[in-house]
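J.: coordinates only, sequence not included:
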């Protein structure tokens, strides 16, 4: 009998988030992105040793950081059907808008949200297919230049030196 090298329901790359409060993170992911909790295993001390959620067709794994570890925020890109609606929902769930949803030169509408634990989410919706020539033209278009300047000027971690 042959065995798939990638388990059913997983993809080639599966992100890990190391969190200071995995239970709170799961609650945020559920409310903001409709995540489905697949597992949450705790140790004797009550810390989360391993948890998994499914967002859309992807699994995200997570666990609680040890107290002596430095902060290691995750940076995740999510493709969704409606970036504007999901961005609003993530903010309503307790996230902070880093950039509003913006139409960028490569054909996506993109907004960014930081969750209450410091992880960042790029929320994308592909709204058009843009070929290389059009993309090149747009790189000189003042509207798209302004949009890129806006998203590139975002301070992911305000208040840090």
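T.: Perfect, I can see it now. Everything quoted here is computed from the prediction, not taken from an experiment.

J.: what's around the nearest residue to residue 147 once chain neighbours are set aside, how many residues?
T.: Counting by CB to CB, 6 or more residues apart in numbering, residue 147 lies nearest to residue 102, which is 5.0 Å off, once chain neighbours are set aside. For the C-beta atoms, the positions are set from N, CA and C on the backbone; glycine is no exception. Neighbour count for residue 102, taken as other CB atoms under 10 Å: 17.

J.: contacts made by the helix or strand containing residue 102 with the rest, please.
T.: With elements taken from DSSP states H and E, the one containing residue 102 is strand 96-103. Strand 96-103 is contacted from outside by 83-84, 87, 91, 109-114, 120, 123, 127, 147, 150-151, 154-156, using CB atoms under 8 Å, 6 or more residues apart in numbering.

J.: recalculate using a threshold of 6 Å.
T.: 83-84, 87, 91, 109-114, 147, 151, 154 (CB atoms under 6 Å, 6 or more residues apart in numbering).

J.: give the buried residues for that strand.
T.: Within strand 96-103, the residues that count as buried by 16 or more other CB atoms under 10 Å are 98, 99, 101, 102, 103.

J.: note down every partner strand of it and its orientation.
T.: Strand 96-103 has its sheet partners listed here by DSSP bridges as strand 108-114 (antiparallel).

J.: for stretch 94-103, what is the average pLDDT?
T.: The pLDDT scores in stretch 94-103 average 97.

J.: right, and residue 75 touches residue 120 too?
T.: Yes: when contacts are counted by CB atoms under 6 Å, residue 75 is listed as touching residue 120 (4.9 Å).

J.: more neighbours: those two, which one.
T.: Neighbour tally, residue 75 and residue 120, criterion other CB under 10 Å: the higher count belongs to residue 120, 19 against 12.

J.: hey, what's the more buried one bridged with?
T.: Judged by DSSP bridges, the bridge partners of residue 120 are residue 75, residue 114.

J.: show me what contacts it?
T.: By CB under 6 Å, 6+ apart, the contact list for residue 120 reads 75, 114, 156.
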